[in-house]
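Student: Here is the input, now give the coordinates:
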Amino acid sequence: MPKKTLCRVAVAAVSGFCLMPASGLHAEPLAVEVVYLRQQEMRPPVLSNLDPVPEDLGIAGAEVAMADNATTGKFLGQTYTLNVIDIAPEGDLPTAARDALAGAGLVLVDGTAAEILAVADMPEAAGKLLFNVASGDEALRSADCRANLLHTIPEDGARTDALMQVLAAKRWSKLAMITGPKPADLAYADHLRRSAAKFGLTLVGEKAWSFDTDLRRAATVELPPFTQDLPDHDVLLVADETDDFGRYVENNTWLPRPIAGSEGLEPQGWTHVMEQWGAVQLQNRFEQTAGRDMRSRDYAAWTAVRAIGEAVTRTGSADPATLRGYMLSDAFQLDGFKGRGLSFRSWNGQLRQPIAVANARALVTLAPVEGFLHQRNETDTLGLDEPESQCHAFTE
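Tutor: Next up is the predicted model:
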């Protein structure tokens, strides 16, 4: 008589899987080590310190995912360990990276695009599998892509595409924009322009932010005249990725208009206001671990570690090449609590995922928005599609 399979669901974060009864298991013990390599950021001063950056940003997401993986792994003889290497802003990243890569084949890299690229190009990184959990820089998915580097943080262009899909669906077609002076602000503004053009929206006017006034006292005085000469518009875009002035714009503009971008209606990889598709269960587990809400970088680290766990479970291996091959195959799919399975783009290593477009208190929608179609996968309407990418490392 054939043996019956026993199906278990370990926790809500782990998708259902089938196991043989204990008497039929012959799995060899398998140790899976994951390294979280972080170069801390030197953050510029901003007008407000109301929302400090958590010290465990990203790391907390990896820790929650490791616990999820361990719940599954104990049935299969798999043990998971997380080694966090946290480097000071002026610390020696190359030395720390070489030491980490010498002892581990699976590494989450948290840093700038240049730092992530430097780690991926090290001789010690050959044959290893790296995950970008911090940088949305388009070049890492295009001309500067690397075959050993996958991306679980959304690219910046995918976020702005998601926002423009929502605005286009609402027929809010006339846009104005305020752009901050920092490099990250300027890069985000460029993505907003490109996404607006991509989805047929019109940018009718722009202004560069140049104030150094204490807006905590002067916002109601300075902002109305600053925005007064913008042409009539449906939505005011704010490009303030350094979180400097944007919080003061809403309800202080000359025209009573919604704001979007870095403030107001925001496109994000994750937001704590998501409640559907089991998202509350993930958020609750995260709060129990970190004592705060989950953020996009936490979610990127969580998905990277969970992708590793899913691939290890399905392949029975911790070999980086084996895991990479499975993750980039059509067989891989990850439950990311976003209403559809997540998968990696085989041509540049970017994780396909819906983007939450939300305000501070509620989810407006998940993009891709209904009606924006793609011949392969609707999430490929967000960010670089294969014909647009200059990435060749995944096909060579």
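
Student: When you work out contacts or count neighbours from here on, use the C-alpha atoms and nothing else.
Tutor: OK.

Student: What are the boundaries of the helices in this protein?
Tutor: Assigned by DSSP state H, the chain shows helices spanning 59-73, 93-103, 113-120, 156-169, 183-198, 215-228, 279-290, 296-315, 320-327.

Student: Could you list the residues in contact with the fifth one?
Tutor: Among residues not part of helix 183-198, those counted as contacts by C-alpha atoms under 8 Å, 6 or more residues apart in numbering are 156-157, 160-161, 164, 179-180, 202-203, 239-242.

Student: I'd like the helices of the chain laid out as JSON lines, including mean neighbour count.
Tutor: JSON lines is the format used below for the helices of the chain (neighbours: other C-alpha atoms under 10 Å):
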{"stretch": "helix 59-73", "mean neighbour count": "23"}
{"stretch": "helix 93-103", "mean neighbour count": "17"}
{"stretch": "helix 113-120", "mean neighbour count": "19"}
{"stretch": "helix 156-169", "mean neighbour count": "25"}
{"stretch": "helix 183-198", "mean neighbour count": "19"}
{"stretch": "helix 215-228", "mean neighbour count": "15"}
{"stretch": "helix 279-290", "mean neighbour count": "17"}
{"stretch": "helix 296-315", "mean neighbour count": "24"}
{"stretch": "helix 320-327", "mean neighbour count": "19"}
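
Student: Now render these as CSV, adding mean pLDDT and distance to Arg340.
Tutor: Putting these into CSV (pLDDT from 0 to 100; distance: least, C-alpha to C-alpha, whole Å) gives the following:
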stretch, mean pLDDT, distance to Arg340
helix 59-73, 94, 19
helix 93-103, 91, 33
helix 113-120, 96, 28
helix 156-169, 97, 16
helix 183-198, 97, 23
helix 215-228, 76, 40
helix 279-290, 94, 12
helix 296-315, 97, 14
helix 320-327, 98, 16
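
Student: With distance to Arg345 added, can I get those in CSV?
Tutor: Converted to CSV, those look like this (distance: least, C-alpha to C-alpha, whole Å):
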stretch, distance to Arg345
helix 59-73, 22
helix 93-103, 25
helix 113-120, 18
helix 156-169, 13
helix 183-198, 20
helix 215-228, 41
helix 279-290, 23
helix 296-315, 14
helix 320-327, 9
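
Student: between these, which gets nearest to Ala360?
Tutor: helix 296-315 (14.1 Å; C-alpha to C-alpha).

Student: Give me the helices and strands touching that closest one, please.
Tutor: Counting contacts by 3 or more C-alpha pairs under 8 Å, 6 or more residues apart in numbering; DSSP states H and E, helix 296-315 is packed against helix 59-73, helix 320-327, strand 334-335.

Student: again, 7 Å this time
Tutor: Under the contact criterion of 3 or more C-alpha pairs under 7 Å, 6 or more residues apart in numbering; DSSP states H and E, helix 296-315 touches helix 59-73, helix 320-327.

Student: Trp209: neighbour count?
Tutor: The number of residues packed near Trp209 is 18, by other C-alpha atoms under 10 Å.

Student: quick one: contacts of stretch 338-345?
Tutor: Residues from elsewhere that reach stretch 338-345 (C-alpha atoms under 7 Å, 6 or more residues apart in numbering): 277, 327-328, 332-336, 350-354.

Student: any idea how far Ser317 lies from Gly77?
Tutor: 12 Å (C-alpha to C-alpha, to the nearest Å).

Student: again with Val133
Tutor: For Val133, the distance to Gly77 - C-alpha to C-alpha - is 28 Å.

Student: So between these two, which is more surrounded?
Tutor: Val133 (28 against 16).

Student: which ones are touching that one?
Tutor: With C-alpha under 7 Å, 6+ apart, Val133 has these contacts: 108-110, 151-153, 297, 300-301.

Student: Next: Leu363.
Tutor: Leu363 neighbours (C-alpha under 7 Å, 6+ apart): 273-274, 356-357.

Student: want to throw the helices and strands packed on helix 296-315 into TSV with distance to Ala100?
Tutor: Converted to TSV, the helices and strands packed on helix 296-315 look like this (distance: least, C-alpha to C-alpha, whole Å):
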stretch	distance to Ala100
helix 59-73	16
helix 320-327	15
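
Student: nearest to Gly127, of the ones you listed?
Tutor: Closest to Gly127 of those is helix 320-327 (C-alpha to C-alpha; 6.8 Å).

Student: So the protein: which segments form each domain?
Tutor: 6-154+271-353, 158-268 (automatic domain parsing).

Student: Select, out of those domains, the one closest to Leu373.
Tutor: domain 158-268 (11.3 Å).

Student: Quick one: distance of the closest one to the chain centre.
Tutor: Centre-to-centre, domain 158-268 and its host chain are 21 Å apart (C-alpha atoms, centre = their mean, to the nearest Å).

Student: swap in stretch 79-99?
Tutor: The answer for stretch 79-99 is 21 Å, by C-alpha atoms, centre = their mean.
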